[in-house]
Structures are given as C-alpha cells and as structure tokens.
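Colleague: Prediction below, plus the sequence it came from.
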Amino acid sequence: MTIPEYQTPELRKKNLRLVWLLVGFALFIFFTSFPFWTGLFHLVGNQAAG
Amino acid sequence: MSTTTLTHDEAHHHDAPHGWRRWLFSTNHKDIGTLYLIFALTMLFLGGASAMLIRLELFQPGIQLLDPDLYNNLVTNHALIMIFGAVMPAAAGLANWMIPLMIGAPDMALPRMNNLSFWILPAAASMLLLSFIVPFFPGGGTQINTGWTLYPPLSTQVGMSMDFLIFAIHLLGISSVLASINIIVTLLNMRAPGMTLMKMPIFCWSWLVTAFLLILVVPVLAGGVTMLLFDRHFGTSFFDAAGGGDPVLFQHLFWFFGHPEVYILLLPSIGVLSQVIPTFSRKPLFGYHSMVGAMLAVATIGMVVWAHHQYTIGMSIGAVTYFMIGTIIISIPVGLMIFNFIATMWRGSMTFETPMLFAVAIVLMFTFGGLTGVMLAVVPADMQYQDSMFVVAHFHYVLLPGAVFGLFAGVFYWLPKWTGHMYDERLGKLFFWINVIGFNITFFPQHFLGLAGMPRRIVDYNMMFTEFNMVSSLGAMIFGLSHLLLLYIIIKTVRGGRKAEKRSWEGAKGLEWELDSPPAFHTWTVAPQIK
Amino acid sequence: MTRMTNHRTTRNHLPYLSPADRSQSPLPGHWRRLARYLVAGIALAVSSVAQAEYGINFPEPAAGVAQEIYDIHMLTMQITTVLLVIVFAFVFYSLYFHRKSRGYVPDQNFHKSWFGQWSWVIVPIMVLGVDLTIAGKADAVLKKVWEVPQDKEIMDIKVTGHQWWWEFDYLDSGIKVESRYVPKDEAGDLYLREVDHRLVLPTYTKIRFLHTSADVLHAFWVPELAVKKDAIPGYVTETWVDLDREGVFRGQCAELCGTWHSRMPIVVEAVSPQRFAMWTEEQQALKLAAAAEASADKEWGLDELFHKGKELYESKCAACHQVTGMGLPPAFPALNGSKMATGPIADHLHIVLNGKQGTAMQAWNSLNDLEIAAIVTYERNAWDNNTGDVVQPADVKQAR
C-alpha cells in the first residue's frame, strides 16, 4: 500500500499515538469488567449455558 | 436546480476570531454546529459508559457490581444523557452546520441566540452530573432511581438529586426551544431567492417539522417537572391522591411531551437519510411531496397518541381504543417514508460507502423496530409487553437505527465537507460492521427476555433469564467498545486525509456541494439564484 | 465512470443473469442446503411449544383472557413477520441487482413509470388494510379482556402493592395474605420467583382483581394470567381472570417502585374450587386463632415476645433494615444502636405505627397489637440493643 500524499510523518505519529491511547482504554475497560470475566468462566465452566 | 455562486474568503477582510473567544462568543453557525457535535460525542460516551455498567451488572444473575438504587440511577441517567445530551444536540449540530449551507443563507437568523442555545448545554450537563455525584456525599440523599420517566410518587421521595435534575431539564428545554425558534425563522425567511418551500431539501423540512414539535411539547415537560418540584417542596399535591391529586396526571404531562419527543429524535435522521440515499443511489429522492406530507402526518398524529405508553393505568375502554387506533394508524405515514427510501434505491445505481451502509441498515432495522411497535400498539397484547424487556428491545431498535445511526450516516456523509478531508473508508466500513453486528447481538435477545417474562429496570433476575442476558451483555461489550473506533476515525479525519472535493460524493446534489470543502468562515454572503 | 443515460442499456431489462452466466448462479449447492435448514429451523422456532420451552415466547396461558391475548399476539407477530420478509426481500433484491459495480445504470425516470406514479397510493392503502385487520381483531379481544363481567358470583380480590411486597385481601372471606420474597439460600433456583405465602386461587371461577398501592406505583404481572394493570396509590384499577388450569404461576412487579422493584415476586397457585374451599376454611381458622391470641389478657414475657418478634421482624422488616439491624443507610437507617430503638418507647411505637412521611418507612398499623408489641420488643433487645424493655399489646393499643 503506497503512502497517501497527505500523510506526513508527524501526522502519522500523532495518529498512532491516538490509536495506542484508544486501544489501551478499550483494553482497560475490557480487563476491569470483572463481571464479564466471572460470567465467561461461569459460561465455560458450567456448559449448561452457552 | 442550477445555481450561481460567489464564494470568497472573507477572513482577511475583518478580524476573524481566534482562541477561546472564537468558541465562547461564536455567532458562526459552522462553529456552533461543531460545538454541538463535540458536546454530543462526549455525552455519547458518558451515556454509553452507564449502559455498559448496566449490562455488566446484568451479565449474570445476582448483584455483583451496583447496589439497586445506583443501578436504577444509571438506567435513568443512560436515557437522559443519550436523549438530551447526545441525540438532540447532535441533530442540532447537523442543523446548525447544514441548514444555512443548504438554503443559501449566510448564517442562522439569530446568531447570538444560537450561541446561547449551545452554551446552556454544558451548564445543563453539569447539573445532571451533580445530580449523580451529590448522593455519594453525606446528606446527599438517595439516587434518582425512578427511570427517565420520573413517575411520582417515587420521584417525590427521591433526595435532592431530583431537584438538580429538574433544573437541568429546564435548561435543556430552554436550549431546545430557542434553537427551534432560530431554525424556524431561518427556514421560513432566509431561503435563497427561487427556493420555494417545495424545493427545500428534505433535511431542512425534517428540521422545520421537528422545531415546531419541540416548541409545542417542551413547555409541557417543563410544566410537569415544575409541578413535581412544587409537590416535593412547596406543599402542593398535584400528584398525591391524599391531597386530591393523581399520580397519573404526571404521566399524561410527561408522555404528551414524551411521544412527540421520539419523533423529534427520529425526524432529523430521516432527513439525513433523504439526503444520503439519493446520493448513493444516483437517483433523486422518490416522492418528495409525499415525504413532506408523511412527516407532517407523523408529527400531527404523533401529538395525539401519547397514552399508548400508559395502556395499563386503568383508562376506560373508549379511551384506550382511541389511542390504540391512533397508534396503529401512524404506521401508514412512517411506512410511506420507508417506502420512499426503498423506491429511491430501486433501479438506482448504488455504491456502499459508509453513509450508505448505515442508511441501508437503518431501513432494514428500523422497519423491524417499527413492526414490533405495531405489536405493542395492540392493547390486550400490551398487557403482557408493558414494562418488560420487549419494550426495551423495541425502542432500541427504533431509536438506535432511527436516530443514532442516522446521525452517524450524517456525520460520515458531511465530514468531508466540514473538514476538507475524506475519512478513511476502510475504517468507516469496519466501524459499521462491528457496530451493527454488536447492536443486533445486544438487543435482539431482549425481545425473547420480555416475552418470557423478564421485567425492565431490574438489577437482578431469576436464573431462567441467564442465557439471553449473557448474550446481550457480550454484544454490549462489542457494541460499546466499537465507538472508540468512531472517535478515532473522526479525530483522524479532522487532522488530515485525502483532499475532499467540493462535490465530495459522485451523486451528491444540493447547494452545500457547491461550496469549498471545508467552507469559508462566511459562506453565501451573496445569495445564489435558484432556478 | 458509468455513462449516465436515460434510455435502457443492455443489462437493465434482464433482472436475472443471462443463461451464459448460469455458472455464476446466485444459489450454488451448499447455499441451497443452507436455505433448506434455515426454513426448517424457522418453522421449528415458530412452533409455539418450542418457543415456550426455550423461553422465547409467552408461557402457556392459564386463563381464558390469557388465551385471547396469546392468540392476538401470535396473529400480529405472524402478520408483522410476513411484512418484514416482504420488505427485506425487496431491499435485498435491490441491493444485489441495482448496483453500480454490476454496471446498473440508474433509471432517472422511475418516478414516471406506472409503478412510480401509483405505488405511493397503493402502498399506504395496503398498509391501511393490514392495520384495519389488526385493529379489528384487537378490538374484539379488547372488549373481552378489558371490562370485568357483571356476574354476581364474581370473586373479588384486592391486590395492594407495597414497597416491596404484595398484600392480597380476599374480600369475600376476610382472609389476608402477605406475600414476600424468599431469600436466596432458601429459594435456590427459584430465587426472585418464590414467595412465603402464595396467592391461592380457584379454577373455573371468575375472579376480579382490584389493584391499589400503599405507597408508590406498582404493577401486578403474572404472564400466565396475562392481564396487567398498574397499582396506583389512592386509586383502584381492576382486571379479571378465569383460570382454566391448575398449577403454579410465577410473576413479578412490573412498574419501577424503588430499590427492590426486582425483588417483589408473585406466585399464584391455581387449585380446584373444592381444594380452594378447604384452603379458605383453614385460613379463616388460623385467623381466628391469631386474633384470640393477640387479644388475650395476658402479660407477655420478654423471651416470648423476643422470639415472636424475631420471626416477624425477619419476615417484614429485614428487607430494609436487614437481619443484622444495620440497615442500608441513608435510605434505610440502622436499628442497631439507633436512638429510636434505645430511646423513648413512645417515639419507637409512633414511627412503627405511623411510618415516616417522605421516606420508604410505611405505617404498620395494619398489624395487630401483639405483632407490633413483639416487633418493637425484639428491636429494643436484639443485636447490641439491651434496653430490657418489654412492650405489651395493651401498650400498643393505647398508642394507636
């Protein structure tokens, strides 16, 4: 994929920083959602559900 | 419709504002539109956070995370923030940005009032936030655990949070009414010469109708919550049978506002679709006149069917029959609008950029939600559905596809015009698919939960409801997190992207596409001539 | 770039691919099999037995009115499903064929075609036809279900919603049932669907429910009975049922009523009229015995009252003030170490008998003197409260 002509190195760096921030936030939400995890284990463990 | 235009950059002719003054004192419809949109996006995440907490709690039976009053408060706040903080301001943002551009006007009719209409909103949001925070401090009273419908006598019992909320609602109402006045005056007086009402873009028509609805019904809500305030503090008994009043009176006042409110949320998005679908079908909107008529019919009939939210209050059979018939009848103009969209696509030459993907998804999913609405309209059947998860599923299927996705379509459609950059189409499509699939996983199972007997607004449920709740919560996790991708796309586009043409989309027609992308600070300083 | 022409170009008059393109048929073998499975699956899903089993439809109706409601629900569901399929079919067809990538040229004169000119008249009329069909059937069901039949033998039951329990008054026989949730350790899988005292009802008898509330809005909902009306404080609403099968039917409160809205289950036990008559007699005998005990002119001892009070407290008061007496401040104050429970008895009696305005503490004056005496005695001597106070039923009688 060729680099589009409007893409400057600074812009690219800025956007990548933003991606890291948002992905980090998403993972934070994901991992602190402990009811989600206990629920998932319950799902897998029981095999009655799912 | 051919036009003659003269646009030139006036920025150097006088001091264009800079810095914080540009935003705080803005009288420019583009800047104010941007402010509304940023505010709405922020509130979308706040409302979404409360929704995710709700679904986390409901993942499994049992109370894991939130005590019942806090849970009910999150349920309340989720609705209030999404309706009053996200959807309505976003629609107002689209209106502010696009209406002057579409009708060839240099700005809104009342630019300073426009500024006030926006800046009231952060104050209102702070009041709402305070109502949430106050109970965490000693003496702060109970959380607002009534649902967004705030029914007394429960809402008379709540602590001082309710008073903050009532204040917030007044502020939100004032903002909406002022913005509506502005929109009506602009649309009726500032169209370019030659643009008759029946040549006006449907998006403008949708806001004309919405603005009238707002002016008619917002004061009724304000009256109702003021009466609630008086019952709470000044010894009146509007809603207290012991004093000769009736709790049901509040319900009538609330829903007299509440039902037209759903059309207020819906119509601007229908307006957006009326611009998006013709563009990507390369064919003009089918049935312009019938579209205008349908919107007027929906608004008019929508004003007199409010009690279908109250079928179980103990109305007489005559009253309840009237509301049932009226509610069923509304399916005709709404169906006509959907039909017009399908007929526009039909025998067109479609491409599926992100706005069109959302538009098609809306046509399909909103139809589904509207049909469950027809089921709900039937009074005897509603005795089973009322206050169950079936209702929750129904309104999310009409509000998310109907209002929110319409706004997403509008944002993707007009981002190139606003920023001068094309957004990343691959990311846009990715966002669409994750978002829509996540949405369906979240809300489709809730229909079954309601039919099986699960009520709404409950923090805990019997284990027979576990499986569908788990699926729904999984979907909510996907759906909620997908919005971070939307945030990324928007920020990335603002920063840079492929240069957008004036006519950013091949099939796009309308005055706004004659202007630069992004447009000059002042546009249409000379009115175009419409043929 | 596609040529934009107003006349038909080669591909447009063929909605289907030409024979030469049959190899690219839209439904090759494995798709056809999938389609067959899909149809079979849908047929199964539509069967009402499968639906009720899997918890995706209403449970089996237990009353004539409920059956009417079930039938109209199925009718509207089937009609709306057909409409949905039609709309989806048109949209998917268009999405597939009317695409620029397939070389389709847009028909700018579509609105001038016959369909274009008449469809916007025909479609609303068709929708109106569907609407009137639904409305007509709905109206018939509404008449049967809404208004209580004017039979003289109809049995009246007053249903009062409280925060957060139900009170059932059998107006004809003077029996009162207080129905509260059963805690998780006792209820197990039936937690939130089981109560301590069920609403026992006879089959094949017309029953009228009179709904009201003692505090905020509630709603009585048992899916097998289907009929639902709100319970509004200060007003009375009515519904009626004609149970036609025996069984245990479980429901919940269906109007947000505060903290424990989720924990106000309803259990209806439908029994034969003979069995119901026996039950009525038993209940009336119990009631007489309790009244006798309460009005007996005896001096009650601390231990007796304490034990009686503990049972009553844990059944009626612990939902808010907790078994430990620690409450859930700020909404539900702790009683352990509270001024009310260790200070003047008169104040303590007053708040129990009359409640506290503007809070969830209701007036408990419907309990008899012995019950109140026992509860207050218990509260003043339980946990860390060691007042040693003994409140007699006679004291309560004076305090009213």
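Modeller: Right, received. Where do you want to start? Everything numeric in this text was worked out from a predicted model, so none of it was measured.
Colleague: Tell me where the model's unsure across chain A.
Modeller: Across chain A, the ranges flagged by pLDDT under 70 are A:1-3, A:39, A:43, A:46-50.
Colleague: list the helices and strands the lengthiest helix in it packs on?
Modeller: Secondary structure of chain A per DSSP state H: the longest helix is helix A:9-32. Secondary-structure packing of helix A:9-32 (3 or more CB pairs under 8 Å, 6 or more residues apart in numbering or on different chains; DSSP states H and E): helix B:466-495. For the C-beta atoms, the positions are set from N, CA and C on the backbone; glycine is no exception.
Colleague: returning to that earlier point: and the contacts of the longest helix of chain A?
Modeller: A:36, B:52, B:477, B:480-481, B:484-485, B:487-488, B:491-492, B:495-496 (CB atoms under 8 Å, 6 or more residues apart in numbering or on different chains).
Colleague: Distance from that helix to the middle of the chain?
Modeller: Distance, stretch centre to chain centre, for helix A:9-32: 8 Å (CA atoms, centre = their mean, to the nearest Å).
Colleague: Which strand or helix spans residue C:95?
Modeller: Assigned by DSSP states H and E, residue C:95 belongs to helix C:64-97.
Colleague: Check whether that helix comes into contact with chain B.
Modeller: Yes: interface with chain B: helix C:64-97 contributes C:68-69, C:72-73, C:76-77, C:80, C:83-84, C:87-88, C:90-91, C:94-95 (CB under 8 Å from any CB of the partner chain).
Colleague: average pLDDT across that helix?
Modeller: Averaging pLDDT along helix C:64-97 yields 95.
Colleague: go on, stretch B:204-211?
Modeller: 98.
Colleague: The longest helix of chain A vs helix B:466-495, what angle?
Modeller: 160 degrees (axes from the mean of the first three to the mean of the last three CA atoms, to 10 degrees).
Colleague: still on that earlier bit, may I see the buried residues of the helix holding residue C:95?
Modeller: C:64-66, C:68-70, C:72-77, C:79-80, C:83-84, C:87, C:91, C:94, C:97 (16 or more other CB atoms under 10 Å in any protein chain shown).
Colleague: how about the following helix or strand past that helix, does it get close to chain B?
Modeller: Downstream of helix C:64-97, the next assigned helix or strand under DSSP H and E is helix C:114-146. Yes: residues of helix C:114-146 contacting chain B under CB under 8 Å from any CB: C:116, C:119-120, C:123-124, C:127-128, C:131, C:134-135, C:138-139, C:141-143, C:145-146.
Colleague: just checking, what packs against helix C:114-146?
Modeller: helix B:317-329, helix B:331-345, helix B:379-385, helix C:64-97.
Colleague: Close to chain C: what parts of the stretch 151-300 of chain B are there?
Modeller: B:151-154, B:156-157, B:159, B:240-242, B:246-248, B:281-284, B:286-287, B:290.
Colleague: Of those, just the buried ones, ChimeraX syntax please.
Modeller: The following ChimeraX line selects those of those that are buried, judged by 16+ other CB under 10 Å:
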select /B:151,152,153,154,156,157,159,240,241,246,247,248,281,282,283,284,286,287,290
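Colleague: Out of the residues of the stretch 151-300 of chain B next to chain C, list just those in helices.
Modeller: Filtering these for helices - DSSP H - leaves B:154, B:156, B:157, B:247, B:248, B:281, B:290.
Colleague: Max pairwise distance over these: which two?
Modeller: Farthest pair in those (CB to CB) is B:157 and B:281. Separation: 53.8 Å.
Colleague: Of all residues in chain B, which one is nearest the centre?
Modeller: With distances taken as CA atoms, centre = their mean, the residue of chain B nearest its centroid is residue B:87 (3.1 Å).
Colleague: and it, how far is that from residue B:203?
Modeller: Applying CB to CB, to the nearest Å, the value for residue B:87 to residue B:203 is 16 Å.
Colleague: How about residue C:264?
Modeller: In terms of CB to CB, residue C:264 sits 47 Å off from residue B:203.
Colleague: Got phi/psi on residue C:179?
Modeller: phi -120, psi 110 (degrees, to the nearest 10).
Colleague: what sits against it?
Modeller: Listed by CB under 8 Å, 6+ apart, the contact partners of residue C:179 are C:165, C:166, C:167, C:168, C:195, C:196, C:197, C:198, C:199, C:266, C:267.
Colleague: residues touching the nearest residue to residue B:474 once chain neighbours are set aside, list them.
Modeller: The shortest distance from residue B:474 to any non-neighbouring residue, by CB to CB, 6 or more residues apart in numbering or on different chains, is to residue B:441 (6.6 Å). Residue B:441 makes contacts with B:471, B:472, B:474, B:475, B:478, B:479, as judged by CB under 8 Å, 6+ apart.
Colleague: For stretch B:398-408, what is the spacing between the initial and final residues?
Modeller: End-to-end distance for stretch B:398-408, by CA to CA, to the nearest Å: 15 Å.
Colleague: same check, this time on stretch B:79-91
Modeller: 16 Å.
Colleague: is that stretch up against chain C anywhere?
Modeller: No: using CB under 8 Å from any CB, stretch B:79-91 stays clear of chain C, coming no nearer than 12.2 Å.
Colleague: now that stretch: mean pLDDT?
Modeller: Here the average pLDDT along stretch B:79-91 is 97.
Colleague: of residue C:264 and residue B:203, who's got more company?
Modeller: residue C:264 (29 against 26; other CB atoms under 10 Å in any protein chain shown).
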